[in-house]
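Q: Sequence first, predicted coordinates after that:
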Amino acid sequence: MENLDKILATIDPDLPTLIVTTPTDKKIDLLAEKLGRTPLDAYEWLAGICGFPFLAKFTVSKDITTILPEKLILEYVCLPIDLENGRQGLIFGWPPDLTMKKWIRAVTNIECEYCLGPAQDIRRLLNDRFGVGAGSFIDSEDGNEGLMAKVEAVQEDEEAVVIKFVNELVKQALNDRATDIHFEPQKNSLQIRYRIDGALVPVSLPSNLVFYQAAIISRLKIMAKLNISERRRPQDGRIAFRSGDKAIDIRVSTLPISYGESVSLRLLNLNEAPVELESMGLGEKQLEQITNAIQRPYGIVLVTGPTGSGKSTMLNACIRKIRDPEIRIITVEDPVEYEIEGINQCQVQADIGMTFASALRSILRQDPDVIMIGEIRDAETADIAIRASITGHLVLSTLHTNDSAGAVARLCDMGLEPFLLASSLQLVIAQRLVRRICPHCAKKANYTPEQLEYALRALRVDPAQELVHRDKIMAGSGCDKCKNGYKGRIAIHEVLVISDKIQQSIIKNAPAIDIRAIALEEGMQTLQACAWEHVKKGRTTLEEIMQFADKNNMEE
């Protein structure tokens, strides 16, 4: 290792010191940057210097703790692996120094060959085996009594341990592309789950995490600048978090539950490129319809769907589409999720009486051309929005309904006059998110004609016309990049244009089913049909879109 330090010093005199202070997962990135090479080339260069083979792929030994104690595995970030001809190996993300080699020889009687491998892959496997942040906590080999004694002996280090664990947990969530982290106290444990591509995934955790539950919740509240002594009322806050070159805005919500406080974190990556309207997965006709509606000088455009369906992303994509120095755009949101340059964004503060309705009244005195309302939640907000749209303003907002036609019934239920709604409503977009097939492991899916016909009928798609596309259907088989065959999400849409005929139906207070029937006659593409188009293009799977199937439409 001393020779390695000398070689590193020839690249940059400060490099040996920087390597020591850099986490194992990031050492190779630092070296690659200094060498001006890719991480893979840097690993091969490092392997040649140290005389260790570099293995991009490897097989982990079945019972790793019989070869090396858990404590050393976690501390040295290494894994016992099986090599050819029954040989035993140890794979490291960074070459072990002399002290590490001595300890390994002292605790194992097996002759092991040292190898290098991708540090991030090794860390991921360690997290799967021992739990995220396991290296931060005291080992539990002595049982509960021994563990409690150790905990008492290191009370002064508890804060540092918890800080390290929380940071590792958030970093792992970012690596796994999670959008949310949920901390859920149970009777005798703390359950932590990530939401990845819309699905909840339990996090593997250290067995002795139970002794740190209160400290972890308190740490999160301190980071969010919340009152740690207040455990009876919900609280909301935010955390500015940085991981490497990523700036993350974390929205924090606490809720008192039976066994403590549930804490939910919403992760917003501020470095991600903003989503443009053209990249939302819209069909050509749908994109044209939406573009025409948001370029009008007045009227209301609504985006509907359940929580987490991407409504705010769609609104912000629309704002970016029409943003212009000659147009004054003001938004009122709760909270402001995406900052848009050149736009006046206002956040609701209900605790001081600044609600959507009260903010809208003030906004109308600010001479806006376009108003974006985060959500229409009540009759007062809906009434002000409608009247603003018929007095020369374009209003964009969201609403919670199951489909596009249901938005009309929902607004009428709020007490709006049908004739005012008919004259102001221009377009309703119903939106959902489906998981995207992982491009690294996508392969052709095999369905019989009978299976596909059954699915198409459930989706209200004509099997006679669409069965010819059976060979285009893809599925993800699962790989190191995705684990379950999916990576990322894509939106599906249903765009309802308020035509003259639909306006007349709204004035007559027609039910949503009648409005939907007229829209279908006029060529509206349903959510199910839009989802099927994505399947034909290899973007998602048939299993994923079957959640939108109309079960009542299937023949017995």
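A: Yep, that arrived.
Q: and the gap between E276 and N316?
A: Separation of E276 from N316 (C-beta to C-beta, to the nearest Å): 10 Å. Quick note: C-beta positions are derived from backbone N, CA and C, even for glycine.
Q: out of these two, which sits in the busier spot?
A: Neighbour count, other C-beta atoms under 10 Å: between E276 and N316, N316 has more, with 23 against 11.
Q: Check which helix or strand the more buried one maps to.
A: helix 311-322 (DSSP states H and E).
Q: Please tell me how far that helix is from the chain's geometric centre.
A: 18 Å (C-alpha atoms, centre = their mean, to the nearest Å).
Q: Same check on stretch 227-247?
A: That offset, for stretch 227-247, works out to 18 Å (C-alpha atoms, centre = their mean).
Q: pull the CA atoms of that stretch into PDB?
A: Extracted C-alpha coordinates of stretch 227-247, given in PDB (Å, rounded to 0.1, in the frame of the first residue of the first chain):
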ATOM      1  CA  ASN A 227     -39.900  20.900  17.200                       C
ATOM      2  CA  ILE A 228     -38.500  17.600  18.500                       C
ATOM      3  CA  SER A 229     -40.500  17.900  21.800                       C
ATOM      4  CA  GLU A 230     -43.800  18.100  19.900                       C
ATOM      5  CA  ARG A 231     -45.000  14.500  19.400                       C
ATOM      6  CA  ARG A 232     -48.800  15.000  19.500                       C
ATOM      7  CA  ARG A 233     -49.300  17.100  16.300                       C
ATOM      8  CA  PRO A 234     -48.300  16.600  12.700                       C
ATOM      9  CA  GLN A 235     -45.400  18.900  11.500                       C
ATOM     10  CA  ASP A 236     -44.000  19.800   8.100                       C
ATOM     11  CA  GLY A 237     -40.600  20.900   7.200                       C
ATOM     12  CA  ARG A 238     -37.800  20.600   4.600                       C
ATOM     13  CA  ILE A 239     -34.200  19.600   4.400                       C
ATOM     14  CA  ALA A 240     -31.500  20.800   2.000                       C
ATOM     15  CA  PHE A 241     -29.400  17.700   1.500                       C
ATOM     16  CA  ARG A 242     -26.300  17.300  -0.700                       C
ATOM     17  CA  SER A 243     -24.800  14.000  -1.900                       C
ATOM     18  CA  GLY A 244     -21.700  14.400  -4.000                       C
ATOM     19  CA  ASP A 245     -22.700  16.800  -6.800                       C
ATOM     20  CA  LYS A 246     -26.400  16.200  -6.200                       C
ATOM     21  CA  ALA A 247     -28.500  18.900  -4.500                       C
END
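Q: in it, what counts as buried?
A: Neighbour counts using 16 or more other C-beta atoms under 10 Å place 235, 237-239, 241 of stretch 227-247 among the buried residues.
Q: what's the answer for stretch 98-114, then?
A: 100-101, 103-104, 108, 112, 114.
Q: With only the CA atoms kept, save it in CSV.
A: The C-alpha trace of stretch 98-114 is given here as CSV (Å, rounded to 0.1, in the frame of the first residue of the first chain):
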residue,chain,number,x,y,z
LEU,A,98,-1.2,-3.9,5.3
THR,A,99,-3.2,-3.6,8.6
MET,A,100,-6.3,-4.9,6.9
LYS,A,101,-4.4,-7.9,5.5
LYS,A,102,-3.0,-8.7,9.0
TRP,A,103,-6.4,-8.7,10.6
ILE,A,104,-7.8,-10.9,7.9
ARG,A,105,-5.0,-13.4,8.3
ALA,A,106,-5.6,-13.3,12.1
VAL,A,107,-9.3,-14.1,12.0
THR,A,108,-9.5,-16.7,9.2
ASN,A,109,-7.7,-19.9,8.6
ILE,A,110,-8.7,-20.0,4.9
GLU,A,111,-6.2,-18.9,2.3
CYS,A,112,-7.9,-16.2,0.3
GLU,A,113,-7.0,-14.5,-2.9
TYR,A,114,-7.5,-10.8,-3.1
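Q: Do me a favour and average the pLDDT over that stretch.
A: Rounded to a whole number, the mean pLDDT of stretch 98-114 is 79.
Q: Can you pull the phi and psi angles for Q503?
A: phi -60, psi -40 (degrees, to the nearest 10).
Q: so how many other residues sit close to it?
A: Neighbour tally, Q503, other C-beta under 10 Å: 16.
Q: And it, how far from Y43?
A: Applying C-beta to C-beta to Q503 and Y43 gives a distance of 65 Å.
Q: same deal with E453?
A: 50 Å.
Q: Which residue of these two possesses the greater neighbour count?
A: A direct count of neighbours by other C-beta under 10 Å for E453 and Y43 places Y43 higher, at 24 against 16.
Q: The closest residue to the more buried one other than its chain neighbours pairs with what?
A: Excluding the flanking residues, the one nearest Y43 by C-beta to C-beta, 6 or more residues apart in numbering is F54, at 5.1 Å. For F54, the beta-bridge partners are L116 (DSSP bridges).
Q: about what we covered before: name the residues of the helix holding N316 that are buried.
A: For helix 311-322, using 16+ other C-beta under 10 Å, the buried residues are 311-322.
Q: cool, and stretch 245-259?
A: Quick answer for stretch 245-259 (16+ other C-beta under 10 Å): 248-254.
Q: what's the answer for stretch 279-286, then?
A: Within stretch 279-286, the residues scored as buried using 16+ other C-beta under 10 Å are 280-283, 286.
Q: Equivalent analysis for stretch 265-279, please.
A: Those would be 265-268, 275, 277, for stretch 265-279 by 16+ other C-beta under 10 Å.
Q: dump the residue contacts of G478.
A: Going by C-beta atoms under 8 Å, 6 or more residues apart in numbering, G478 touches 438, 441, 484-485.
Q: Kindly report the same for G299.
A: Here G299 is in contact with 293, 389, 394-395, 424-427 (criterion: C-beta under 8 Å, 6+ apart).
Q: one more time with 6 Å, if that's ok
A: Residues in contact with G299 (C-beta atoms under 6 Å, 6 or more residues apart in numbering) are 389, 424, 426.
Q: distance of it from A422?
A: Taking C-beta to C-beta, one finds G299 at 11 Å from A422.
Q: Give me the nearest residue to F356, chain neighbours excluded.
A: Closest to F356 by C-beta to C-beta, 6+ apart is T381, at 4.5 Å.
Q: hang on, the one you found packs against T355?
A: No: in this structure, T381 is not within contact of T355 by C-beta atoms under 6 Å, at 7.7 Å.
Q: Pass me the low-pLDDT residue ranges in the protein, would you?
A: 1-2, 109, 133-158, 550-556 (pLDDT under 70).
Q: Select the longest helix from it.
A: helix 158-175 (DSSP state H).
Q: list the buried ones in the helix or strand where W45 lies?
A: Assessed by DSSP H and E, W45 sits inside helix 39-50. In terms of neighbour count (16+ other C-beta under 10 Å), helix 39-50 has its buried residues at 39, 42-43, 45-47, 50.
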